[in-house]
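1. need a structure here:
(2 chains)
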Amino acid sequence: MNRVIAFIPLIAFAAMAVYFWMGLRQDPSEIPSQLIDEAVPAFDLPAIEGFDQGLSHEDIQGEVVLLNFFGSWCPPCLIEHPMLMQIARSGEVPIYAIDWKDEPGAGAAWLERHGNPFVRIGDDQSGRTAIDFGVTGAPETFLIDRNGRVRYRHVGVITEEVWEDTLRPMVEALQRS
Amino acid sequence: MIAELGQFLLILVLCVAVLQAGLSAAGLYLKDPAVFGFARAGALVQFALTLGAFGALTWLFAVSDFSTLVVAENSHTDKPFIYKLTGVWGNHEGSMLLWTLMLTAYTAALAWSSKAVAPRLITLTFAVQSAITAMFAAFLLFTSNPFARLWPAPVDGRDLNPLLQDPGLASHPPMLYAGYVGFSITFAFAVAALIEGRADVRWARIVRPWALTAWTFLTIGIALGASWAYYELGWGGWWAWDPVENASLLPWLAGTAFIHSLRVMEKRDTLKAWTILLALFTFSLSLAGTFLVRSGVLTSVHAFAVDPQRGVFILAILLALIGGALTLYGLRAQTLRPTGTFAMVSRESSLLVNNIFFAAAIGLVFYGTFYPLFVTTVSDETLTIGAPFYNATFNPLMGVLFLAVPLSGLMAWKRAKLGQLLKTLSPAVIAALTAGVIAAWMANAQPVTSALGVGLGIWVGAGVLADLRSRIKLFEIDFAASLRRAAGLPLGIWGMLVSHLGLAVLIIAITGVSVWKQETRAFLSPGDSLELSGHVVRLDDVVRLDEDNFNAAVGRFHVTRPGGSEHDVVASRRFYPVRGMYTTESGIDANFAGDVYVTIGDLVEGRGWPVHVYLYPLAIWLWIGSSILALGGVLAILDRGRRSLSSRKQLPGAST
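-> Residues are numbered from 1 along each chain as shown, chains lettered A, B, ... in the order given. Model (predicted):
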């Protein structure tokens, strides 16, 4: 066997190790969104199967809202769900949602089963809108102000602490301003 | 007190493992036979100590000692006792301890069974195994200490994630880990062979049962994971090409290629450098499978925690083990000279083709798993790769590979005759074509995919039977003589035939479950029913159930199949108050034709209970097929070969 060829696996591994190391240094929840203080990307999504209303960027103008990316295929979304239900019941801030890359009907069935905290839901089957938002995984939630600007991005599950310590104070501040 | 004892034992494991790795290496230079004895004893001691530490953690979970951090975070007094025990590995620290326990168990098993292996080879192997154990003991102690204390101790724990409170979870990780970790033995043997500069037929024979054992456990582990997802996630998703599922598939693909190329090495004394490389790859992918998941490098639906310090430690381990082994490979691979040659039409060349396909499949799955991460790392773009990618690439590749399965089994070593082959297989060709046409005609959807899937499955299955028929000369000589020939077939051959038959069953089952599935849903009140392709599902009533750690709405259903057979199934929706989480317990009416899969949601006032019904044709055959696949592995493990390994004589590159 040729000496050089025998080293190819090592070289391939070295390249991969460098890239894993880069990956490690990035805590996905700390990637600042490119969108902070920018207007939300334009989108106009159809309703998910079983619902009448879709969602477009114009629907969320004029008030402070949360925009949640979820999918019925996503176990952490299920973990997050009771918190979203609680926020929705409290009526403090409306939550809109984008059902990301879901099979037709799956999102609606999921909401039927677990309850629906969302005002309106858009169906992003192609994942195009999620790409525009720079979503790295579900669940992910954007805080959007009255002027339709993204003010904060939360990656991962909204826990009790995230809501109480981070999101809620920001929501209240934006609503007062 | 018990926690401190556990921690102390873990420190001892680290000490013994470091000592053993160092001493074994030193002993090889000194050529002192006492070292060989120490290697065996040290292996057993490491196992005993790790077992003690694992026992200590189990005890802490059993008595709900919430002054221990992992127990407080993952257990609860009201949890059923069995899930307190399985909760030991339902968290990062405990599962790493389980991993280390498996590792030392394999090392101990090696010490127990390897009297016949040459002292230099086995001592080197122990040195490598101990080095791996030392790294993981250090990883546990420094970044994932399962015995860390929590003060003041909380009154009660935070409970185990309810999705994980399931018999599937109890058995899935231990099996999977037994598979991953089993490949550490073949890895250690491969490194030892590289250091020795010799890998021969004898080496292949020593390594084969270990590779097969690991492969069998991994097969069972993956099947259990798939069945857990099928039953527990509430929509029958048994495989979703999730990065974590891929992480277990990658070592399985590499391991499957490895056991095939190992056979070539054993029979023909060739493909050596490639086989050794596969041994290294398989364990590397196993490590990656365990740790990229754990480190948070892979963001996926399974990732439980992101902890950069752990990630760095894990990466250091990967660098040391994989980087070290591949460096050694680069330096030493050319010393492994093959003696056998290849003929165009022969079993060894068909197995080489098999390996090329597996390598390509590994590449595809690897790309699909890591490329999205790569893109996010180097740019602001994000993308996901899902089922459509694999359907378009992985599935056709596997399809072509499966075409070759019966051919390969029937080809002789060294030189096979193509004409004879086609004659033996002609019934299989006819069976496959017929089955394909029937499938296309009967299918409720996607006739072409149905025909391909069923045709391929029948081709593999009938091909295996044709192979068996020609081996025992059934219908050529009298029946009793055929039976005698069957009884005389080596277990390794039976293992191959049975595994390939399991594969055939799996191909057809996968086609049924994924291509022919149907679903419907509706709001039902008690007494209402729902119809799907002749299956009638009636909601009889919904009752409330209060258990210690959850409460549930339990829907009782009555299922009538098109044939008229009737069954009662129960589907429920559970609420776990400690974590505020819901889980869906699906109700399944299973038979050999397929599953009727029923789930129930939360009552919507004025509309009724949301009920979702899925039909999964042939679903049960997924589990039967995987079991047959694993059974083949077990049979092959039991094959000890015709000549005893303990004979001192080197074996010639014989062929059957």
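
2. Who are the contact partners of residue 54?
-> By default, I'm working from chain A. With C-beta atoms under 8 Å, 6 or more residues apart in numbering or on different chains as the criterion, the residues that contact residue A:54 are A:44, A:45, A:46, A:47, A:120, A:121, A:122, A:123. For every residue, glycine as well, the C-beta is placed using N, CA and C.

3. right idea, wrong chain: chain B
-> Neighbour list for residue B:54: B:88, B:97, B:98, B:101 [criterion: C-beta under 8 Å, 6+ apart].

4. ok, back up a step: apply the buried test to the contacts of residue A:54 and list what passes.
-> Buried members of the contacts of residue A:54, scored by 16 or more other C-beta atoms under 10 Å in any protein chain shown, are A:45, A:47, A:120, A:121, A:122, A:123.

5. Model confidence at the first one, what's the number?
-> What the model reports for residue A:45 is a pLDDT of 91.

6. residues contacting residue B:472?
-> B:482, B:483, B:485, B:486, B:489.

7. Mind giving me the PyMOL select for these, buried ones only?
-> Of the contacts of residue B:472, the buried ones go into a single PyMOL selection, burial set by 16+ other C-beta under 10 Å:
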select buried, chain B and resi 482
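
8. among the contacts of residue B:472, which are in helices?
-> Counting by DSSP state H, the members of these that fall within helices are B:482, B:483, B:485, B:486.

9. which residues does the one residue sitting closest to the centre of chain A bridge with?
-> Geometric centre of chain A, nearest residue: residue A:140, 2.4 Å, by C-alpha atoms, centre = their mean. Beta-bridge partners of residue A:140, counted by DSSP bridges, are residue A:69, residue A:155.

10. confidence score at residue 86?
-> Defaulting to chain A. 89.

11. I was after chain B.
-> For residue B:86, pLDDT reads 84.

12. how much space between it and residue B:157?
-> As judged by C-beta to C-beta, to the nearest Å, residue B:86 and residue B:157 stand 15 Å apart.

13. repeat for residue B:83
-> Residue B:83 is 12 Å from residue B:157, by C-beta to C-beta.

14. who has more neighbours, those two?
-> When residue B:83 and residue B:157 are compared for neighbours, residue B:157 comes out ahead with 25 against 22, by other C-beta atoms under 10 Å in any protein chain shown.

15. Touching, the more buried one and residue B:69? I think so.
-> No. Using C-beta atoms under 8 Å, residue B:157 makes no contact with residue B:69, being 10.2 Å away.

16. Now do the same for the closest residue to chain A within chain B: its pLDDT.
-> Closest approach between chain B and chain A, counting by C-beta to the nearest C-beta: residue B:601, at 3.1 Å. We have a pLDDT of 84 for residue B:601.

17. Kindly report the same for the one 5 residues further on.
-> For residue B:606, the pLDDT comes out at 82.

18. helix, strand or coil for it?
-> At residue B:606 the chain is in coil, as set by DSSP: H, G, I helix; E, B strand; the rest coil.

19. The one 5 residues further on now?
-> Classification of residue B:611 into helix, strand or coil gives strand, according to three-state DSSP.

20. Surely it is in contact with residue B:539?
-> Yes. Contact criterion C-beta under 8 Å: residue B:611 and residue B:539 qualify, at 6.3 Å.

21. Overlap of the contact sets of these two?
-> Applying C-beta under 8 Å, 6+ apart, one finds that residue B:611 and residue B:539 are jointly contacted by B:524, B:555, B:557, B:600.

22. Which ones among those residues lie within strands?
-> B:524, B:555, B:557, B:600 (DSSP state E).

23. residues near the first one, how many?
-> Counted with other C-beta under 10 Å, the neighbours of residue B:524 add up to 22.

24. The last one now?
-> Residue neighbour count, defined by other C-beta under 10 Å, stands at 28 for residue B:600.

25. where along chain A do the strands fall?
-> A:44-45, A:55-56, A:65-70, A:95-100, A:121-124, A:140-144, A:150-155.

26. one step back: now the two most distant members of the contacts of residue A:54.
-> The span of the contacts of residue A:54, defined through C-beta to C-beta, is set by A:44 and A:121 at 13.4 Å.

27. what's the neighbour count on residue A:103?
-> Residues contacting residue A:103 under the criterion other C-beta under 10 Å number 16.

28. so what's residue 125 up against?
-> No chain specified, so I'll use chain A. A:101, A:102, A:104.

29. nope, chain B
-> Residue B:125 sits next to B:110, B:117, B:185, B:188, B:189, B:191, B:192 when contact means C-beta under 8 Å, 6+ apart.

30. could you point out where the chain is predicted with low confidence?
-> Going with chain A. For chain A, the stretches with pLDDT under 70 are A:1-2, A:22-34.

31. Switch to chain B, please.
-> B:158-164, B:169, B:292-309, B:373, B:375-384, B:579-580, B:641-656.

32. where do the strands sit along it?
-> Using DSSP E, strands in chain B cover B:518-524, B:529-532, B:535-546, B:551-560, B:566-576, B:581-585, B:587-591, B:594-600, B:609-617.

33. Can you name every helix or strand that the first one contacts?
-> Taking 3 or more C-beta pairs under 8 Å, 6 or more residues apart in numbering or on different chains; DSSP states H and E as the contact definition, the neighbouring helices and strands of strand B:518-524 are helix A:106-114, strand B:529-532, strand B:609-617.

34. ok, the closest residue to residue A:63 other than its chain neighbours to chain B distance?
-> Nearest non-adjacent residue to residue A:63, counting by C-beta to C-beta, 6 or more residues apart in numbering or on different chains: residue A:146, 5.9 Å away. Distance, residue A:146 to chain B, by C-beta to the nearest C-beta, to the nearest Å: 27 Å.

35. From residue A:171, how far off is residue A:146?
-> The gap separating residue A:146 from residue A:171 is 12 Å, by C-beta to C-beta.

36. same check, this time on residue B:471
-> Distance, residue B:471 to residue A:171, by C-beta to C-beta: 73 Å.

37. between these two, who's got more neighbours?
-> Counted by other C-beta under 10 Å, residue B:471 and residue A:171 do not tie: residue A:171 has more neighbours, with 21 against 18.

38. List the residues that contact the spatially closest residue to residue B:474 that is not a sequence neighbour.
-> Closest residue to residue B:474 apart from its sequence neighbours, by C-beta to C-beta, 6+ apart: residue B:482 at 4.6 Å. Contacts for residue B:482 were tallied using C-beta under 8 Å, 6+ apart; they are B:472, B:473, B:474.

39. Do I have it right that the second one meets residue B:485?
-> What it means is residue B:473. Yes. Under the criterion of C-beta under 8 Å, residue B:473 makes contact with residue B:485 at 6.3 Å.

40. Looking at chain A, which helix is longest?
-> helix A:3-25.

41. what about it, distance to the chain center?
-> In terms of C-alpha atoms, centre = their mean, to the nearest Å, the centre of helix A:3-25 is found 32 Å from the chain centre.

42. Same check on stretch B:70-85?
-> 27 Å.
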